[in-house]
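Peer 1: Any chance you can model this:
(one chain, ligands or ions: 1)
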Amino acid sequence: SLENKTKEKLQKQICQVALDHFEKQYTTELGEAWASVRDVLTCPLCWQCAILLNKFSPSTELENTLRMKGYHPAFPGSLPYLPASFKCYIRRTPGRFPAQKHQAGKLKEYYLLNAASLLPVLALEVKDGEDVLDLCAAPGGKSVATLQCAYPGQFHCNEYDDLRSRWLKQTIESFIPDPLINLIMVSKLDGRQIGDLKPELYDKVLVDAPCSNDRSWLFSSDIQQATLRLIQRKELPSLQFQLLRSAIKALRPGGSLVYSTCTLSKAENSDVINLILNSCSNVMPVDISEMAKAVSQEFTFLSGMQQHELLVLPEKGKAWGPMYVAKLKKM
Ligand code: SAM
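Peer 2: From the prediction side, this is the model:
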């Protein structure tokens, strides 16, 4: 359960090897902002959780409970393409909310997540009838969120890892009813190959890439695990670049993609996007600064980013992120 997981986290020690590495890299990359980000990331008691409601299993009772406990909607109604059916609740105080147990034959009423995870989904602006690919989809949080926003024409969710792909299937089955679930195709392919397998097939692609997960890496179980992760970290930008190139191939001309990670690392964020922009002549940046402005009440962003990208910095009381989001369009 989430409660046990949180207890484990509280008991876990911060891994000094990882912290030292971050300290060095992020002091250079984020400057003064790093100190307060570090204070949140190293303090699981400061962590918050958002509750995304499942429109396919609506519950007024749940919404009343949430409001009674001090929760409020995370996103203003003024966001473009945000339908009234999209409901996510947050509150400023840290703490958890009980996870819902799986019950056969019953859809779940909500999904617990980091509120910043919804920004890539909102940036993608999926509209009814569009063909959508979620390239790296497990455990399925963003797939579920996408289906709260619109009814895609075709919805293709992909996850390379065997076990995680089963987890993805389970998530979809727990949140999405018949007959909508029949529009969803779940595959277990290497995302790097989908562009060649399904060229120019999609209007929207989400590339929620494998990345170094700063929040969890800080709690690596031992020096060996942390050291291995820091070695693997060097390989990630190349994988992310290849996933993006594949996503671009899979897009129809005129279609757009959102790239996201949950790391602060510039090498996996802006550097990867800049490399794509410099090497693919058919790709243009898309301005997402209006969306960032519209949600700036609840999220803290790194300043000085370009208009097609944002980086959510966790802060006390708004402990969302880290989350990098960039949007590109295929010409
Ligand atoms: N989008 C998910 C969500 O919101 O629940 C989280 C995705 S997680 C950040 C990245 C996922 O990419 C992992 O589940 C990982 O197993 C998967 N992955 C790693 N390499 C991949 C590849 N070559 N092709 C497709 N997926 C891959």
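Peer 1: Mind listing what's buried along the host helix or strand of D20?
Peer 2: Remark: D20 resides in helix 16-30, with elements defined by DSSP states H and E. Across helix 16-30, burial judged by 16 or more other Cβ atoms under 10 Å covers V17, A18, L19, H21, F22, Q25, Y26, E29, L30. In short, each C-beta sits where N, CA and C put it, glycine included.
Peer 1: roughly how far apart are the spatially closest residue to the third one that is not a sequence neighbour and the ligand?
Peer 2: The shortest distance from L19 to any residue that is not its chain neighbour, by Cβ to Cβ, 6 or more residues apart in numbering, is 6.1 Å, and that residue is L218. L218 is 17 Å from the ligand, where distance means Cβ to the nearest ligand atom, to the nearest Å.
Peer 1: List the contacts of the residue nearest to Y81 when sequence neighbours are not counted.
Peer 2: Spatial nearest neighbour of Y81, excluding adjacent residues (Cβ to Cβ, 6+ apart): E125 at 4.6 Å. When contacts are counted by Cβ atoms under 8 Å, 6 or more residues apart in numbering, E125 touches P80, Y81, K204.
Peer 1: Adding pLDDT, write those out as a markdown table.
Peer 2: Below are the contacts of E125 laid out as a markdown table (pLDDT from 0 to 100):
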| residue | pLDDT |
| --- | --- |
| P80 | 77 |
| Y81 | 72 |
| K204 | 98 |
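Peer 1: so of those residues, which ones are in strands?
Peer 2: K204 (DSSP state E).
Peer 1: of the contacts of E125, buried ones?
Peer 2: Among the contacts of E125, those classed as buried by neighbour count (16+ other Cβ under 10 Å) are K204.
Peer 1: contacts with the ligand among the contacts of E125, please.
Peer 2: Among the contacts of E125, no residue lies close to the ligand (Cβ under 6 Å from any ligand atom).
Peer 1: From the contacts of E125, pick the one nearest L310.
Peer 2: Among these, P80 lies closest to L310 (Cβ to Cβ), at 15.8 Å.
Peer 1: Give me the distance between that closest one and the ligand.
Peer 2: Taking Cβ to the nearest ligand atom, one finds P80 at 22 Å from the ligand.
Peer 1: oh, and call the first residue 81 from now on, that's how I've got it
Peer 2: Right, with 81 as the first residue, what we last looked at is P160.
Peer 1: Please tell me how far that residue sits from L132.
Peer 2: 19 Å (Cβ to Cβ, to the nearest Å).
Peer 1: got the residues of the stretch 81-230 of the chain near the ligand?
Peer 2: Proximity of the stretch 81-230 of the chain to the ligand, by Cβ under 6 Å from any ligand atom, involves residues S197, C216, A217, A218, P219, G220, G221, K222.
Peer 1: Please repeat the previous calculation with a cut-off of 5 Å.
Peer 2: Within the stretch 81-230 of the chain, the positions lying close to the ligand (Cβ under 5 Å from any ligand atom) are C216, A218, P219, G221, K222.
Peer 1: Show me what the helix holding D100 is packed up against.
Peer 2: helix 113-121, helix 303-313 (3 or more Cβ pairs under 8 Å, 6 or more residues apart in numbering; DSSP states H and E).
Peer 1: sorry, back to before: for the residue nearest to L99, what are its contacts?
Peer 2: Each residue near L298 by Cβ under 8 Å, 6+ apart is listed here: I94, C95, A98, L99, F102, L121, T122.
Peer 1: Looking at those residues, point me to the pair that's furthest apart.
Peer 2: Pairwise distances across these (Cβ to Cβ) peak at 11.7 Å, for the pair C95 and L121.
Peer 1: secondary structure element for K249?
Peer 2: Using DSSP H and E, K249 sits in helix 242-255.
Peer 1: Next SSE downstream of that helix?
Peer 2: With DSSP H and E, the next secondary element past helix 242-255 is strand 264-267.
Peer 1: quick one: buried residues of that next one?
Peer 2: Neighbour-count burial for strand 264-267, with 16+ other Cβ under 10 Å as criterion, is recorded at I264, V266, S267.
Peer 1: circling back to that earlier point, reformat the residues of the stretch 81-230 of the chain next to the ligand into a markdown table and put secondary structure, pLDDT and neighbour count next to each item.
Peer 2: Formatted as a markdown table, these follow (DSSP: H, G, I helix; E, B strand; the rest coil; pLDDT from 0 to 100; neighbours: other Cβ atoms under 10 Å):
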| residue | secondary structure | pLDDT | neighbour count |
| --- | --- | --- | --- |
| C216 | coil | 98 | 23 |
| A218 | coil | 98 | 24 |
| P219 | coil | 98 | 18 |
| G221 | helix | 98 | 21 |
| K222 | helix | 98 | 22 |
